[in-house]
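A.B. asks: quick check, what structure comes out for this input:
(4 chains)
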2 protein chains.
Amino acid sequence: MKRLTISDIADAAGVSTGAVSYALNGKPGVSAATRERVLEIADRMGWRPSNAARALTRSRSGAIGLIVDRPAQVLGIEPFFMQLVSGIEMALRADPSTALMLAVTDDRDAEIETYRRWWAERRVDGVIVVDLHENDIRTGVLAEIGLPAVALGYPQPGEVPCVWADDAAPMEETVGYLAALGHRRIARVAGPGRFAHTLRRDEAFARAVETHQLEWSKTLHGDYSGDSGARAARRLLSERNRATAVIFDNDVMALSAMAAAQEMGVSVPDHLSIVSWDDSALCRLVRPAVTALDRHITQHGVLAIETLNEVLAVGTAEHVQAPAPILMPRASTGRVPSDS
Amino acid sequence: MKRLTISDIADAAGVSTGAVSYALNGKPGVSAATRERVLEIADRMGWRPSNAARALTRSRSGAIGLIVDRPAQVLGIEPFFMQLVSGIEMALRADPSTALMLAVTDDRDAEIETYRRWWAERRVDGVIVVDLHENDIRTGVLAEIGLPAVALGYPQPGEVPCVWADDAAPMEETVGYLAALGHRRIARVAGPGRFAHTLRRDEAFARAVETHQLEWSKTLHGDYSGDSGARAARRLLSERNRATAVIFDNDVMALSAMAAAQEMGVSVPDHLSIVSWDDSALCRLVRPAVTALDRHITQHGVLAIETLNEVLAVGTAEHVQAPAPILMPRASTGRVPSDS
DNA sequence: CAGGAGTGCTTAAGCGGTTAACTCGATGGG
DNA sequence: CCCATCGAGTTAACCGCTTAAGCACTCCTG
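C.D. replies: As a prediction, this is how the structure comes out:
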C-alpha cells in the first residue's frame, strides 16, 4: 500500500501543496470552499501527515518519553508502572498525534544518557520523570539541555514542575487508624532513603507517632523488592517486644512480608496488622486482602501529561497537587492482640 | 543548549555536509584522514543525528511499536506486559538507535486503527503483536498495509512470522505431575476461547486427560481477570464430585481462585491443588506459593525483536520456536486428599 | 603527452511537509 | 479611471540529512 503525501492530495484537489497545507492546518490563505474540498479529499483518501516531515519543520517529534529505571525483575511485578502508563495513555488519547516512548534502563547514568540522546536526536518533545530523589540530578540535567519535563514527586528546587500528593495527612490518618485499633507499637518499612517521598513519609510518620503517643516505633528501609519486605518482616518479628502493625511503602514488600509472617506462624491480622502504601489489584487478590493506601497512580499519569502539555505550550507550569492517598481498610488490619 | 547539525560539523571540519555524511555513515567517498577528523569532531562536539531528518531520508523511523489491548485495570496487575517490555528493551539495547513506542487501547478496533495511523504517519518501522487469535484479523491488516510485524503466538496463515512455544508437552507434563500426585479429577480454567493459544492448550489438555485416563475433567473459560478466576473457582468447588486440581491459564486467575477457595474453607493444597500457566513474582509472593509454568516471557520479547529485525533487514523471517514453558512445582500443589 | 581511470570532494536534488514572499485578479475608494 | 487593497493561490526556500551526479586533480598507460 502506498503512503499518500500532500502532493497526492494537491493533485487530486487541483491546487498546490502549499494550499493543501494551509487547508489542512486551518490556516488562512485558502477559501472556505477549497478548504472544504481538500479536507474532504484528504479524509476520503486516508491521508495522514508524515511524522518525520512534521517533526523536521515544526521541531516537534510528537512523542513524549518515559524512562523506567528498575531491574527487569522488579519491573515485572510492580503494578506501579503499568498503572502510570495507563494514566498517561488515557490523557494522550485526547491528542492522538502524540505517542509514548518507553525505555527501561539499568541505572541512573543510563537513564540520563538516554535523556541526552532523546534530546539530541529530537525524539521526544518532553519527558516524565519518576522516583524523584531529594536534590535529584536528573532535573538539573534536563534543565541544562532544555528538555521539557514533568516529575512525579515532591517539588524540587529548579525548573521542573512536579505532580505531587500530600503524604502527611494520610500517614496521620493511617497511624491514627492503627492506634484506634489499639496498636501502640508500629513499624514502618520504607523505600530507599534517597527518594524524596520516602523522607517526607519518614517525617510524617515520626510526627504521627508523636501525636498518637505511641509506645514504640521504628523505620526500616527496603528497596521495594519482595525479598527486602520479607527480610524486614523477619527482623521485626524476631524482636522481643515486637511491632503489632507494620506500614510498608509498597504492595510488593507488604505481600512478601505477609507471606514471611505466615511462615513464621504469625497470623495476619490476628497477631500482626499490615498496611501497604500503594494499592493495586495485588492487595485485593491475596487473603487476607491487604489494607492499602490508594495513591491514584493512574490519575498521576493523567496530571503529568496535562502538566507536560502546559509546559510544551507555555514554556512552564506550576507544581500540581494530586489527590491525597486514601486509606482502604481491608482484612490485613485488625485489633491489636489482647496479649500484647 | 543548541542542537548541532551536520553543517556545524562540516564547518568545523572545513568540508561540505555531504562529505560529513559520508564520513559519519562509513560510506566511501572521503579519505581515511578526513573521515577520522570528522568522526573525532562530531564526537567531541557531541553531535547526534536528527531522528526526524534521518526518518525522512531513510524512510525509517527508528522505532518499533507495541500495542497493549487490555482494560487499564487488568493492565496494572498483569506482569506479562512488563516482562515482555523488559525483554524487548534488552534486545533493543543492542541497537540504541531504535526506540519502543507503546500504546494502550480499549478494544481491537482502536488497536487496528492505531496500527494504521502509525503506518501512515511513518511512526514505527514495525510492530509486535500480542494475544494472537485463531484467524486473527490483525495479521491481515498488517500484511495489507505492509507494516512489518512479528506476532507472539501460534503460527497463523499469512505473512506475519510468529514467536511461539509448544504448550502440548508442558501440558502433558503438568497433567502427568498432577496425576502422579493422585489427582483423578482435574479442571482447567482457560483464557478466552478466541485466543489461539487457548485452543491449543484446550486440545493438549484433552489429550493429556486421555493419556492419563483421568476419571473426570472439565474446561471453563475466564477472561484473565481476578474476578473470573474467583468465579470459576466457586463454581468448581460447589460441584458434587469436585475437581481436586485446577490449572489456570494465568497467574491472576490462579491467585484469585486460591483466595476464593480459602474463603470457602477449602485449603490449598490440602483439599485443592492449583497450577498457574504463567509464572511471575506474584506466584512466589503469596502463601502457599503457586506452582506455575514459567513461560520465559522476557525471552519471548528478545526473540520477537530479533525476528522483527530480520524482517526489517531481509523482508521476511521464519516462525521462531521459543523454549517451552517449564513447570515450577511449589506449595500450591500436593497429594490428592485421601477422602477424595 | 593526450586520454582514461581513480580519488576525494562539492553540488544539488530530494524526502514530506511548512511558511514567508510573491503573483494575479477582483474590488473599491477617491 | 487609476491605484491601493485584499483575498486566494502559487512559488520557493527551508528543516537536517542522504546520495546521485559532477568536477577537479592526480596518476597511469600507450
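
A.B. asks: okay, the nearest residue to A:Ala165 once chain neighbours are set aside: pLDDT?
C.D. replies: Of all residues not flanking A:Ala165 in the chain, A:Ala322 sits nearest, at 4.4 Å (Cβ to Cβ, 6 or more residues apart in numbering or on different chains). Glycine gets a C-beta too; all of them are placed from N, C-alpha and C. Predicted confidence (pLDDT) for A:Ala322: 97.

A.B. asks: residues touching A:Ala322, list them.
C.D. replies: Residues near A:Ala322 by Cβ atoms under 8 Å, 6 or more residues apart in numbering or on different chains: A:163-165, A:296, A:299-300, A:303.

A.B. asks: same for the one helix or strand A:Arg231 maps to, what does it pack against?
C.D. replies: Taking DSSP states H and E as the criterion, A:Arg231 maps to helix A:226-237. Packing partners of helix A:226-237 (3 or more Cβ pairs under 8 Å, 6 or more residues apart in numbering or on different chains; DSSP states H and E): strand A:185-190, strand A:216-221, strand A:245-248, helix A:251-263, helix B:281-285.

A.B. asks: could you rerun that using 10 Å?
C.D. replies: helix A:72-77, strand A:185-190, strand A:216-221, strand A:245-248, helix A:251-263, strand A:273-276, helix B:281-285 (3 or more Cβ pairs under 10 Å, 6 or more residues apart in numbering or on different chains; DSSP states H and E).

A.B. asks: is the fifth one positioned near chain B?
C.D. replies: Yes. Using Cβ under 10 Å from any Cβ of the partner chain, we find that helix A:251-263 touches chain B at A:251-256, A:258-263.

A.B. asks: got the domain ranges for chain A?
C.D. replies: By the record's domain assignment, chain A is partitioned as A:6-48, A:63-165+A:297-324, A:168-293 (automatic domain parsing).

A.B. asks: out of the ones you listed, which is closest to DNA strand C?
C.D. replies: Closest to DNA strand C of those is domain A:6-48 (Cβ to the nearest atom of the strand; 3.0 Å).

A.B. asks: picking that back up, among the contacts of A:Ala322, the buried ones, what's the ChimeraX command?
C.D. replies: Restricted to buried positions by 16 or more other Cβ atoms under 10 Å in any protein chain shown, the ChimeraX selection for the contacts of A:Ala322 reads:
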select /A:163,164,165,296,299,300,303
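
A.B. asks: closest one of the contacts of A:Ala322 to A:Thr316?
C.D. replies: Lowest distance from A:Thr316 to the contacts of A:Ala322 (Cβ to Cβ) belongs to A:Val163, with 14.6 Å.

A.B. asks: check the offset of the host helix or strand of that closest one from the chain's centre.
C.D. replies: Using DSSP H and E, A:Val163 sits within strand A:162-165. Its chain's C-alpha centre and that of strand A:162-165 lie 10 Å apart, by Cα atoms, centre = their mean, to the nearest Å.

A.B. asks: stretch A:290-307 now?
C.D. replies: Relative to its chain's centre, stretch A:290-307 lies at 7 Å (Cα atoms, centre = their mean).

A.B. asks: and the strand holding A:Val163, what other elements does it pack with?
C.D. replies: Packing partners of strand A:162-165 (3+ Cβ pairs under 10 Å, 6+ apart): strand A:149-152, helix A:196-211, helix A:297-314, strand A:320-322.

A.B. asks: could you rerun that using 6 Å?
C.D. replies: Judged by 3 or more Cβ pairs under 6 Å, 6 or more residues apart in numbering or on different chains; DSSP states H and E, strand A:162-165 is in contact with helix A:297-314, strand A:320-322.

A.B. asks: winner for burial among the ones you listed?
C.D. replies: Among these, the stretch with the highest mean neighbour count (mean count of other Cβ atoms under 10 Å in any protein chain shown) is helix A:297-314, at a mean of 20.

A.B. asks: residues in contact with it?
C.D. replies: The list of residues contacting helix A:297-314 from outside it, by Cβ atoms under 6 Å, 6 or more residues apart in numbering or on different chains, reads A:83-84, A:86-88, A:90-91, A:125-126, A:128, A:148, A:150, A:152, A:161, A:163, A:317, A:320, A:322.

A.B. asks: now the residue positioned nearest the centre of chain A: closest residue in space that isn't a chain neighbour?
C.D. replies: In chain A, the C-alpha nearest the mean C-alpha coordinate belongs to A:Leu84, at 4.7 Å (Cα atoms, centre = their mean). Excluding the flanking residues, the one nearest A:Leu84 by Cβ to Cβ, 6+ apart is A:Gly301, at 4.6 Å.

A.B. asks: ok, that neighbour to DNA strand D distance?
C.D. replies: Taking Cβ to the nearest atom of the strand, to the nearest Å as the measure, A:Gly301 falls 31 Å from DNA strand D.

A.B. asks: same question for A:Asn25.
C.D. replies: From A:Asn25 to DNA strand D the distance is 12 Å (Cβ to the nearest atom of the strand).

A.B. asks: with that, I have no additional questions.
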